[in-house]
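Q: build me a structure from this.
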Amino acid sequence: MTLQRLIATLRTLLATPLRAQPTLLIGCLLLTQTLLVNLLVAAYEQADCAWLLSLFMDRYELAADSWRPMHVAVLTVRAEGPQDLYDKVYFASGYQFIYPPQGLACFELLDRLQLVAWSNFSALNRAAKLAFGLTGAFSGLLARKLSPAHFRPTVIGALLLGMLAAMTFYPLVRGVELGQVQTWLSLFLVLSICAFAYERKLLAGVMLGLVIVVKPHLGVAVLWALVRREHRLAIGTLLVLAGSTVLSLAFYGPGLHADYAKLLGFLSTRAEPFYANQSLSGLLHRLAFNDNSLVWDGTHTRAVPLPWVNLLSRVFAVGGVLAALGWRRDQSPFGAAMNFAIILLTATVVSPVAYEHHYGFCVCLFLVFGSRLFAQRRWGTSHWLLMLSYALSANFFGMTRRFATSNLNVIQSYQFVASVLLLGLAYKLTSERIATPPLRGSRATQSK
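A: Okay, the predicted model is just below:
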């Protein structure tokens, strides 16, 4: 009897149009693009695409791209005090600790409470894998929340879909591979958007505040909250920022904050042509052949600052932020949540330095937009642009580095192009109501 039920279930599943099965449809698309792209890349480079296996390989357990600078900064400030800390851990060493005093205070508090041991890189990377998994899970739940009613996966389906998307999304995997705190920041950003969509805006603000204490440029989202009168979001964020600022002043005094302002002034004029910098500034510096784009310079001193690049980057940043602040077309639950996501994506795209792993939180936007678009009967330009953006964003095209010294080095900025496309789609999808009629043969149609 059990076998007969199983056979009957499989027949029903196969008889149902794939278009009516969101988990299977989007899952098949994710797997297909991942396998095809990586097979093509592997064939071209005659090498395997190890990033797909990074989560399961022991060789990355001791990666400490973020953990080691944090550990050194905490030890230095304890042993020698906060005086000239950034000179010691940025300019005079190879660790390049560039996080603000508020973030350092949070790191040290976690260490004092013995909640985190910054010297235990293996444990930190295992915890990062947990954050990675949660990012995928909550991305799936967010897509389920904002999907049209007739194209909404089950909770289990949404969780599986989110995990599959995360495991095939290079920016997220790259953060784990490097040992990056950005893995946790991506989780907090997804949680913030998810909480906003579920009308838990105070919690959304708290999650956003946890990101801003490490990445201050995302503070522009507070301005967005004030302009949109999202007071609970603003209050949650400001509470975290105020608490972390009081903590840092108690630990280090005002001098360290002034030193950090000087460091920001220095970094704001520096060039970052490294290929992993997927920003307009990185693209322009590579076009100008400003130093070797294949070698990362943590001191930011080899490449020559170019005033015209700084000017164009700032114009781009101001224009992008003003557009996000002024945009308020769709006020549905989908539109409201995506308007919030727009300012977060904008703040990342217009940053002068936006490494590949900084775009990890975008996995939730691809799932949301995919469920929104694939619910339609007809495919249009938006579908193909979304698939192109995802293919460029979710994969690593190492072969583009071969064009670093040619006039075609613009193709090294494929992640930046993908993110700009994604931002354009966000504007487009929040500017119109998408018709999502039920499929023929569905219960809604039969009841009419």
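Q: for Arg174, which non-adjacent residue is spatially closest?
A: His357 (4.5 Å; CB to CB, 6 or more residues apart in numbering). Bear in mind the C-beta positions are built from the backbone N, C-alpha and C, glycine included.
Q: check contacts around the one you found.
A: Neighbouring residues of His357 by CB atoms under 8 Å, 6 or more residues apart in numbering: 171-172, 174-175, 178, 180, 182-183, 186.
Q: at 10 Å what do you get?
A: 65, 170-178, 180-183, 185-186, 276, 278 (CB atoms under 10 Å, 6 or more residues apart in numbering).
Q: give me the subset of those residues lying in strands.
A: Judged by DSSP state E, the subset of the contacts of His357 located in strands is empty.
Q: from those residues, which land in helices?
A: 170-178, 182-183, 185-186 (DSSP state H).
Q: nearest to Tyr198, of those?
A: Distances from Tyr198 to the ones in helices among the contacts of His357, taken as CB to CB, are shortest for Ser186 (18.7 Å).
Q: and that closest one, how far is that from Glu108?
A: 23 Å (CB to CB, to the nearest Å).
Q: swap in Met207?
A: Met207 is 21 Å from Glu108, by CB to CB.
Q: and for Phe334?
A: Taking CB to CB, one finds Phe334 at 40 Å from Glu108.
Q: do Tyr414 as well
A: 38 Å.
Q: who's more crowded, these two?
A: The neighbour count for Tyr414 versus Glu108, taken as other CB atoms under 10 Å, is higher for Glu108 (22 against 17).
Q: okay, among the ones in helices among the contacts of His357, which ones form the most distant pair?
A: Tyr170 and Leu185 (16.7 Å).
Q: report the buried residues of the helix or strand hosting Ser139.
A: Using DSSP states H and E, Ser139 sits in helix 121-146. Buried residues in helix 121-146, defined by neighbour count with 16 or more other CB atoms under 10 Å: 121, 124-125, 128, 131-146.
Q: now swap in stretch 259-274 and tell me
A: 259-260, 263, 270-274.
Q: select from those residues every entry located in helices.
A: 259-260, 263.
Q: who touches the nearest residue to Gln102 once chain neighbours are set aside in this structure?
A: Distance criterion CB to CB, 6+ apart; nearest residue to Gln102, sequence neighbours excluded, is Ser244 at 3.8 Å. By CB under 10 Å, 6+ apart, the contact set of Ser244 is 100-106, 109, 209-210, 212-214.
Q: same check on Tyr275?
A: Here Tyr275 is in contact with 282, 286, 292-296, 356, 398, 400-401, 403-404, 409, 412-413, 415 (CB under 10 Å, 6+ apart).
Q: if we go to 6 Å?
A: Tyr275 is in contact with 293, 401, 412, counting by CB atoms under 6 Å, 6 or more residues apart in numbering.
Q: any low-confidence regions in the protein?
A: 1-25, 27-28, 31, 35, 38-62, 93-94, 330, 432-448 (pLDDT under 70).
Q: tell me which residues of stretch 195-213 are tucked away?
A: Going by neighbour count (16+ other CB under 10 Å), the buried part of stretch 195-213 is 195-197, 200-201, 203-213.
Q: could you work out the most separated pair of the residues you listed?
A: Most distant of these, by CB to CB, are Ala197 and Val213, 23.2 Å apart.
Q: any idea which element Ile343 lies in?
A: With DSSP H and E as the test, Ile343 turns up in helix 333-349.
Q: is it true that Pro101 touches Val246?
A: No. If you go by CB atoms under 6 Å, Pro101 and Val246 don't touch, sitting 11.3 Å apart.
Q: more neighbours: these two, which one.
A: Legend: neighbour count by other CB under 10 Å for Pro101 and Val246, higher for Pro101 (27 against 12).
Q: for the residue nearest to the more buried one when sequence neighbours are not counted, which residues are in contact?
A: Leaving aside its chain neighbours, Pro101 sits nearest to Ser248 (4.1 Å; criterion: CB to CB, 6+ apart). By CB under 6 Å, 6+ apart, the contact list for Ser248 reads 101-102, 105.
Q: tell me which of these fall in helices.
A: Using DSSP H, the contacts of Ser248 in helices are 101-102, 105.
Q: same list (those) but as CSV, adding distance to Val190.
A: Shown next, in CSV, are the ones in helices among the contacts of Ser248 (distance: CB to CB, whole Å):
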residue, distance to Val190
Pro101, 26
Gln102, 22
Ala105, 25
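Q: and of those, the nearest to Glu80?
A: Pro101 (15.4 Å).
Q: would you mind measuring from that closest one to Leu178?
A: For Pro101 relative to Leu178 (CB to CB), the value is 24 Å.
Q: centre of the chain to stretch 171-191, how far?
A: 7 Å (CA atoms, centre = their mean, to the nearest Å).
Q: could you do stretch 391-404 as well?
A: Worked out by CA atoms, centre = their mean, stretch 391-404 lies 18 Å from the chain centre.
Q: who touches it?
A: Here stretch 391-404 has contacts from 33, 37, 44-45, 51, 169-170, 275, 293-294, 409, 411-412, 414-415, 418, using CB under 6 Å, 6+ apart.
Q: now intersect those with the strands, please.
A: Using DSSP E, none of these sit in strands.
Q: ok, back up a step: ok, of the buried residues of stretch 259-274, which one's closest to Arg232?
A: Checking the buried residues of stretch 259-274 against Arg232 with CB to CB, the nearest one is Tyr260 at 29.1 Å.
Q: pretty sure that closest one contacts Ile98?
A: No. The criterion here is CB under 6 Å, and Tyr260 misses it with Ile98 at 8.8 Å.
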